[in-house]
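Visitor: Compute the structure for the input listed below.
(chains A and B)
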Amino acid sequence: MFITIMEVISKYAIPFILLAIPTYGMFKKVKVYEAFTEGAKDGFYTAVKIIPYLVAMLVGIGIFRASGAMELFTKALNPITSLIGMPSEVLPMALMRPLSGGGASGIMNSLFETHGPDSIIGRMSSVMMGSTETTFYVLAVYFGAVSIRKTRHALPAGLIADAVGIITAVVVANLMF
Amino acid sequence: MINIIWFLFIAIGILVATFTGDISAVTDAAIENAELAVELSLGLIGVMALWLGIMKIAEESGLVNLLARALRPLMVRLFPEVPADHPAMGAMIMNMAANVLGLGNAATPLGLKAMKELNEINEDKETASNAMCTFLAINTSSVTLIPATVIAYRSAAGSANPTEIIGPAIIATIASTIAAVIAVKTLQKLPIFSSTNPSRNKKTAESK
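Guide: Sure thing, here's the model as predicted:
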């Protein structure tokens, strides 16, 4: 029931917002077309401002991924993560998740292929994928848009959140499936 | 922290590649990812313009303020540094609402708008304020209730019940968001991070 409601909301949310906000604007006598274009002007500059930050981040992560260093980390961490009940097949995806959204969903899809989406490995990786974000990408884009170079504790906090999300995904998947 | 991690990505990557003999893959990855970053950034222009335009209508009609007032008790606790009626509050609420509903392409432009507003009241335009770190940590923890893309991948792979992961994913996402808030609030008190707080001199300046 809850799922059906949420699916309907996801489907109609954007058309609803696109209608509701201008309607409320008209009601409040806002010049909607003029206001829209005024706001939209910033779109270009914001996107362009992100470029240097995203280039730095994606090149760094790209080099790391291409080198095969991820496999070494996976091997080193496997004895620890298997203690909390994470199958060794899922670990590469857990490590990839904060670095690259595309990379993580690639690993998830190959796990679906070899183990099936309804296996414990398939389910656990799905929960992980659905409950965490690509922290490094979000950091580069959000801080890049306002040219923040000194990020202070944002990255460690984001990575702690990822770790908690991933561990919870492992525990919950083992308990529920 | 970010300088060290970024350097380590490159240094470890190149060292490992040198010993495993896959060094040309590193060269390709560097160039491909630089191009990809530009593509991704420029690809944001359209949705960014759309949502910033809609956001402007919402702002001028007073809708954003209305939302901000409704959620004020929660927002003031999460972001004590931000004045309760500041436009940043409304933008952050819109971003989180879009995230909860799984509207990823609306969430990013609204989040960037919120960052811009937060930077207006930031004392040092190059250093993240406490409020900016809190907002970022919440965003990196993902607050999506229905992971639509994962469900789509699951059904494409022939799952008998693609949506069965929603419940567990909500539990994991709530845990990671709570962890994000606790972590960010704890870390900001540590000397290494509180000494770089852009508004660290504010209180002493006011009391004089």
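Visitor: With chain B as the reference, measure out to the residue nearest the centre of chain A.
Guide: Residue closest to the average C-alpha location in chain A (C-alpha atoms, centre = their mean): residue A:133, at 2.5 Å. Distance from residue A:133 to chain B, counting by C-beta to the nearest C-beta, to the nearest Å: 4 Å. (Each C-beta comes from the backbone N, C-alpha and C, glycine too.)
Visitor: Which of the three states applies to that residue?
Guide: coil (DSSP: H, G, I helix; E, B strand; the rest coil).
Visitor: surely residue B:60 meets residue A:35?
Guide: Yes: with contact defined as C-beta atoms under 8 Å, residue B:60 counts as touching residue A:35 (4.9 Å).
Visitor: Now for those two: what residues contact both?
Guide: Residues within reach of residue B:60 and of residue A:35 at once, by C-beta atoms under 8 Å, 6 or more residues apart in numbering or on different chains, are residue A:25.
Visitor: Give the buried residues for stretch B:134-154.
Guide: B:134-148, B:150-151, B:153-154 (16 or more other C-beta atoms under 10 Å in any protein chain shown).
Visitor: export that stretch as CSV, just CAs?
Guide: Only the C-alpha atoms of stretch B:134-154 are listed here, as CSV (Å, rounded to 0.1, in the frame of the first residue of the first chain):
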residue,chain,number,x,y,z
THR,B,134,25.7,19.8,7.8
PHE,B,135,23.7,20.3,4.6
LEU,B,136,26.3,18.5,2.6
ALA,B,137,26.5,15.6,5.0
ILE,B,138,22.7,15.1,5.0
ASN,B,139,22.8,15.1,1.2
THR,B,140,25.6,12.6,0.9
SER,B,141,23.8,10.2,3.3
SER,B,142,20.8,10.0,0.8
VAL,B,143,17.3,10.5,2.1
THR,B,144,15.5,8.8,-0.7
LEU,B,145,12.4,6.8,0.3
ILE,B,146,12.0,4.9,-3.0
PRO,B,147,15.2,4.0,-4.8
ALA,B,148,13.5,4.0,-8.2
THR,B,149,16.7,3.3,-10.2
VAL,B,150,17.6,0.2,-8.1
ILE,B,151,14.0,-1.1,-8.5
ALA,B,152,14.2,-0.6,-12.3
TYR,B,153,17.6,-2.5,-12.4
ARG,B,154,16.1,-5.3,-10.3
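Visitor: next one: the helix or strand hosting residue A:125 to chain centre, how far?
Guide: Element membership for residue A:125, per DSSP states H and E: helix A:120-131. Offset of helix A:120-131 from its chain centre (C-alpha atoms, centre = their mean, to the nearest Å): 13 Å.
Visitor: Over to stretch A:78-88?
Guide: Distance, centroid of stretch A:78-88 to centroid of chain: 23 Å (C-alpha atoms, centre = their mean).
Visitor: Okay then, goodbye and thanks.
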